[in-house]
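Visitor: Whatever this is, show me its structure:
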Amino acid sequence: EGLDLRGVPHTTCEFRHGGSQYIVPYGDLSGGAHVVYPQQFLVRDLLELFTSRGGKVLFSHPAVKMEGMEDNRAVVTCVVQDSSDSPLQLELECDFVAGCDGFHGLSRTSIPSTHVMTFTKQYGIGWLALLAEVPSSMKRIVYALHDSGFAGQMPRTPQVTRFYLECLPGDLESEWPDDRVWRELRKRMAIDGENDLITGPIIERRVLDMRSVVTEPMQYGNLFLAGDAAHIITPVGAKGMNLAIADAEVLARALIAHYRKRDGTLLREYSKTRLPHVWRVQEFSDWMLRLIHSTDGSNEQAFSERLRRARLERLCGSNAYANLFAESYVGR
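Guide: Alright, predicted model coming up:
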């Protein structure tokens, strides 16, 4: 209900390069749209729905041990941190465990290294991720390609906007005070020397390291990985949450089939079902990252810049190319 009532549909995105703008109507091309709805709102909605149906959420109960994934009964040991006395341990017996605890969580690291392979790509690029208490200056998502580095604007709510600035992966947040941030955003996002950027207080800033990771398989015994525990994707294209939700949906359908029909086929095929989709999204993220960034060394910068320009011109001049982009961008 929250998504339907307060989500904002988007059907176009904009690329800026060399003082010019290129608008891609991906909604018309794909027959679909993005709905912008902040992640924290979605989490709140799901928690309210879950608890209203009798579900119990154990906050402040970090999992510290996981055993029995190869058996019929897995046991997850948690620590009760909010106890007034000394910390207590709580053991949860589970038919299955959904490992949704992120890349550094217990789930992924509990799988024996002999049973998984991890594929990693490090791009050597940093993004300064910012939240500002300002309305969006442009009505659509904007990707700006500039000699000083990438800049982006992603609408969030009528009062809050997400911005990105390319930086060095080792940069500190303290090296980017407000005046430097707005100066760089104005410069990199300007069109024909003009800029309509609305400035205001910055309420969050952090440096992201552009990297991609995929764990294969996404399951081990009765443990099933989902979201960042199974795969990390760059913020390019904004696919991380979408991938996590898709994992959860497929896993939920598999669990329903197991309990209602006593059919474990979908559970056994969880990784086989999800990994092709994960890799398709990784490929699109990699392609788009190379569209808006130069990933070559200084000797190849000029060549790389010409390739980026050629990709952008092709995206905006070829219907077939634009259709392929739109299909991947929307996620169909």
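
Visitor: What sits closest to the residue nearest the centre of the chain if chain neighbours are left out?
Guide: Per CA atoms, centre = their mean, the C-alpha nearest to the average position across the chain is that of residue 240, at 2.2 Å. Leaving out its chain neighbours, the residue that sits closest to residue 240 by CB to CB, 6 or more residues apart in numbering is residue 233, at 5.3 Å. (C-beta placed from N, C-alpha, C; glycine too.)

Visitor: hey, where'd the strands end up in the stretch 151-300 of the chain?
Guide: 151-155, 161-167, 202-216, 219-220, 223-225, 231-232 (DSSP state E, counting those that start in this stretch).

Visitor: can you tell which of those strands is closest to residue 294?
Guide: strand 161-167 (9.7 Å; CB to CB).

Visitor: contact partners of the closest one?
Guide: Contacts to strand 161-167, defined as CB atoms under 8 Å, 6 or more residues apart in numbering, come from residues 125-132, 134-137, 149-156, 176, 181, 184-185, 188, 207, 235, 293.

Visitor: what does stretch 53-70 give?
Guide: 47, 50-51, 74-82, 89-90, 97, 101, 105-107, 110-111, 220-223.

Visitor: In the chain, what helix or strand scores lowest on average pLDDT?
Guide: Ranked by mean pLDDT, DSSP states H and E, the helix or strand of the chain with the weakest confidence is helix 301-317, at a mean of 84.

Visitor: quick one: the nearest residue to residue 248 once chain neighbours are set aside from residue 74, how far?
Guide: Spatially, and ignoring its direct neighbours in sequence, residue 248 is nearest to residue 226 (5.6 Å; CB to CB, 6+ apart). Distance of residue 226 to residue 74, given as CB to CB, to the nearest Å: 15 Å.

Visitor: Name the residue in the two with the higher neighbour count.
Guide: residue 226 (26 against 20; other CB atoms under 10 Å).

Visitor: Test my guess that that one contacts residue 101.
Guide: No: contact criterion CB atoms under 8 Å: residue 226 and residue 101 do not qualify, at 9.5 Å.

Visitor: I'd assumed residue 36 was in contact with residue 7.
Guide: Yes: contact between residue 7 and residue 36 holds when scored by CB under 8 Å: they sit 6.5 Å apart.

Visitor: Quick one: name whatever helix or strand follows the least confident helix or strand of the chain.
Guide: Following helix 301-317 in sequence order, the next helix or strand is helix 319-330 (DSSP states H and E).

Visitor: other SSEs contacting that next one?
Guide: strand 20-24, helix 26-30, helix 270-292, helix 301-317 (3 or more CB pairs under 8 Å, 6 or more residues apart in numbering; DSSP states H and E).

Visitor: So what's the gap between it and the chain middle?
Guide: Centroid separation between helix 319-330 and its chain, computed with CA atoms, centre = their mean, to the nearest Å, is 19 Å.

Visitor: May I see the buried residues of it?
Guide: Neighbour counts using 16 or more other CB atoms under 10 Å place 322, 324-330 of helix 319-330 among the buried residues.

Visitor: can I get those residues in CSV with pLDDT and distance to residue 308?
Guide: Conversion of the buried residues of helix 319-330 to CSV gives the following (pLDDT from 0 to 100; distance: CB to CB, whole Å):
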residue, pLDDT, distance to residue 308
322, 91, 17
324, 91, 17
325, 91, 14
326, 91, 19
327, 90, 21
328, 90, 18
329, 90, 17
330, 87, 23
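
Visitor: so can I have JSON lines of those residues showing distance to residue 12?
Guide: Shown next, in JSON lines, are the buried residues of helix 319-330 (distance: CB to CB, whole Å):
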{"residue": "322", "distance to residue 12": "12"}
{"residue": "324", "distance to residue 12": "17"}
{"residue": "325", "distance to residue 12": "12"}
{"residue": "326", "distance to residue 12": "10"}
{"residue": "327", "distance to residue 12": "15"}
{"residue": "328", "distance to residue 12": "16"}
{"residue": "329", "distance to residue 12": "11"}
{"residue": "330", "distance to residue 12": "12"}
